[in-house]
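Q: My questions concern the predicted model and sequence given below.
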Protein chains: 2
Amino acid sequence: MPVSRTAADPARASRSTRKERADGTTEGAALQLGELSELLGYSLKRAQLKVFEDFLRCVAPLQLTPAQFSVLLLLDRNPGRNQTEIASTLGILRPNFVAMLDGLESRDLCTRMRSTNDRRSHILVLTDKGRAVLARAKKLVATKHEARLNALLGPANRAALLAMLATIAREL
Amino acid sequence: MPVSRTAADPARASRSTRKERADGTTEGAALQLGELSELLGYSLKRAQLKVFEDFLRCVAPLQLTPAQFSVLLLLDRNPGRNQTEIASTLGILRPNFVAMLDGLESRDLCTRMRSTNDRRSHILVLTDKGRAVLARAKKLVATKHEARLNALLGPANRAALLAMLATIAREL
DNA sequence: CGGAATTTGATATGTTGGATAACAATTATC
DNA sequence: GATAATTGTTATCCAACATATCAAATTCCG
């Protein structure tokens, strides 16, 4: 990568000690986000990262990622389903779901049981430990994670936010 | 991965032609999301994926990703900044920003110019082509992408959504 | 029935985004 | 002027995500 041209740095070109630019902006100042702050996708991504970060913190004692938590939740609510069904409703591709299940199964949180009706498929079952971990996780999520968001936004706003996100996820 | 135990599949264990389960749920029915639909992070992630997908579609003629678009926007609004400054305000790590800039520079959308004041740093500059592409991208984003979200949510809701996402990104 | 097509879980593999360590060149600090 | 810090870069590593392919089992259909 050859760099040929050079340019004077407007910031330091000024001989002021406070290093003020020609356009009046100050040296160490935060950059202008400009239209970026009006881009829904930008704030969406940033907010999502923060929320996942907080989720991981809150549920850290149980060592569960958001994706793993969603799998446990789904297994609990939908007994008798196979890998394809669980993976697809979570938007996980079947090949990638294999390693994920291996992880959960190796921690004895769930079990694959070969179906007697269709011996190709594995019925996914929560173990007792899986149910216990899920229960503890639910409590942590409710009392720490979601509570934090509730405090930040207020219950009404939080509900409105959730509704709009669901609309986008469903209808866009 | 040895699978030992087996289980009867509740769905097909029923001898009904409509394959109804013991719990009354029907065979091919969609799974119950349960508490998942109340998890903010879940809808957040799903909505974010949809929005990025739509962004890519709308701006496809220009071959710009959301991240690339955000870089061009930032370069336009903040002339005279170096790689570290641009990368860090976008949450991009400096090492990962190198390849990204290589891509933009190889397409002649921006240029690295060695600063005369601090010869370690590269001042990032939009090229004329970069400015032109950015202008076209802005138009596509406004008239196709954001317009779609506006139609889906309504202007007031869209604004409220944006405000809440910004709050989360800023204060969580 | 029986062969063809499909489905399921799995493997291999590739791509992309994101993270850390280390380095040379340059600048700042004391 | 020696030491420390900064900048861009390279080399890796890891996780998330995607595609092609496979064997086993099932379904479809003539």
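A: Right, received. Where do you want to start?
Q: And the spatially most central residue of chain A, how far from A:Phe69?
A: In chain A, the centroid-proximal residue (CA atoms, centre = their mean) is A:Phe52; its distance is 3.9 Å. A:Phe52 sits 11 Å away from A:Phe69, taking CB to CB, to the nearest Å as the criterion. Backbone N, C-alpha and C define where each C-beta goes, glycine included.
Q: quick revisit: and the pLDDT for the residue nearest to the centre of chain A?
A: On pLDDT, A:Phe52 comes in at 98.
Q: How about A:Ala159?
A: So A:Ala159 comes in at 97 (pLDDT).
Q: Over to the one 4 residues further on?
A: Note on A:Ala163: pLDDT of 97.
Q: Neighbours of A:Met113, how many?
A: 20 (other CB atoms under 10 Å in any protein chain shown).
Q: surely it meets A:Ile123?
A: Yes - between A:Met113 and A:Ile123 a contact is recorded at 4.8 Å, counting by CB atoms under 8 Å.
Q: for the helix or strand hosting the residue nearest to the centre of chain A, packing partners?
A: Element membership for A:Phe52 (DSSP states H and E) is helix A:40-58. Contacting helix A:40-58 under the criterion 3 or more CB pairs under 8 Å, 6 or more residues apart in numbering or on different chains; DSSP states H and E are the following elements: helix A:66-77, helix A:147-153, helix B:40-58, helix B:66-77, helix B:155-171.
Q: Could you list the buried residues of it?
A: Neighbour-count burial for helix A:40-58, with 16 or more other CB atoms under 10 Å in any protein chain shown as criterion, is recorded at A:40-52, A:54-55, A:58.
Q: which one of those residues sits closest to A:Asp76?
A: For the buried residues of helix A:40-58, the residue nearest A:Asp76 by CB to CB is A:Phe55; the value is 18.0 Å.
Q: Run through the residues that contact the closest residue in space to A:Ala160 that isn't next to it in sequence.
A: In this structure, A:Ala160 finds its nearest non-sequential neighbour in B:Ala160, 6.7 Å apart by CB to CB, 6 or more residues apart in numbering or on different chains. In this structure, B:Ala160 makes contact with A:Asn157, A:Ala160, A:Met164, judged by CB atoms under 8 Å, 6 or more residues apart in numbering or on different chains.
Q: go with 10 Å
A: Each residue near B:Ala160 by CB atoms under 10 Å, 6 or more residues apart in numbering or on different chains is listed here: A:Asn157, A:Ala160, A:Leu161, A:Met164, B:Leu153, B:Gly154.
Q: Do any residues in the helix holding A:Phe52 lie close to DNA strand D?
A: No - with CB under 7 Å from any atom of the strand as the criterion, DNA strand D is not reached by helix A:40-58; the gap is at least 9.5 Å.
Q: In stretch A:98-117, which residues are buried?
A: Using 16+ other CB under 10 Å as the test for burial, stretch A:98-117 gives A:Met100, A:Leu101, A:Leu104, A:Glu105, A:Leu109, A:Cys110, A:Thr111, A:Arg112, A:Met113, A:Arg114, A:Ser115.
Q: Close to DNA strand C: what parts of chain A are there?
A: Residues of chain A lying near DNA strand C (CB under 7 Å from any atom of the strand): A:Asn82, A:Gln83, A:Thr84, A:Arg94, A:Pro95, A:Val98, A:Leu101, A:Arg112, A:Asp118, A:Arg120, A:Ser121, A:His122.
Q: Now list the buried members of those.
A: By 16+ other CB under 10 Å, the residues of chain A next to DNA strand C give A:Asn82, A:Gln83, A:Leu101, A:Arg112, A:Ser121, A:His122 as buried.
Q: Determine how far the last residue of stretch A:29-38 lies from the first.
A: 20 Å (CA to CA, to the nearest Å).
Q: Run through who's touching that stretch.
A: Contact partners of stretch A:29-38, identified using CB under 10 Å, 6+ apart, comprise A:11, A:19-21, A:25, A:39, A:42-43, A:46, B:69-70, B:73-78, B:81, B:85-86, B:88-90, B:134, B:138, B:141-142, B:146, B:159, B:162, B:166.
Q: Now the buried members of those.
A: Neighbour-count burial (16+ other CB under 10 Å) applied to the contacts of stretch A:29-38 gives A:11, A:21, A:25, A:39, A:42-43, A:46, B:69-70, B:73-76, B:78, B:81, B:85-86, B:89-90, B:134, B:138, B:141, B:146, B:162.
Q: now check stretch A:91-110, is it near DNA strand D?
A: Yes - on the criterion CB under 7 Å from any atom of the strand, stretch A:91-110 is in touch with DNA strand D at A:Ile92, A:Leu93, A:Pro95, A:Asn96.
Q: PyMOL command to pick out the buried ones of those?
A: Here is the PyMOL command that picks out the buried ones among those, judged by 16+ other CB under 10 Å:
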select buried, chain A and resi 92
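Q: May I see the residues of stretch A:91-110 next to DNA strand D organised as JSON lines, with distance to chain B added?
A: JSON lines is the format used below for these (distance: CB to the nearest CB, whole Å):
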{"residue": "A:Ile92", "distance to chain B": "12"}
{"residue": "A:Leu93", "distance to chain B": "13"}
{"residue": "A:Pro95", "distance to chain B": "14"}
{"residue": "A:Asn96", "distance to chain B": "15"}
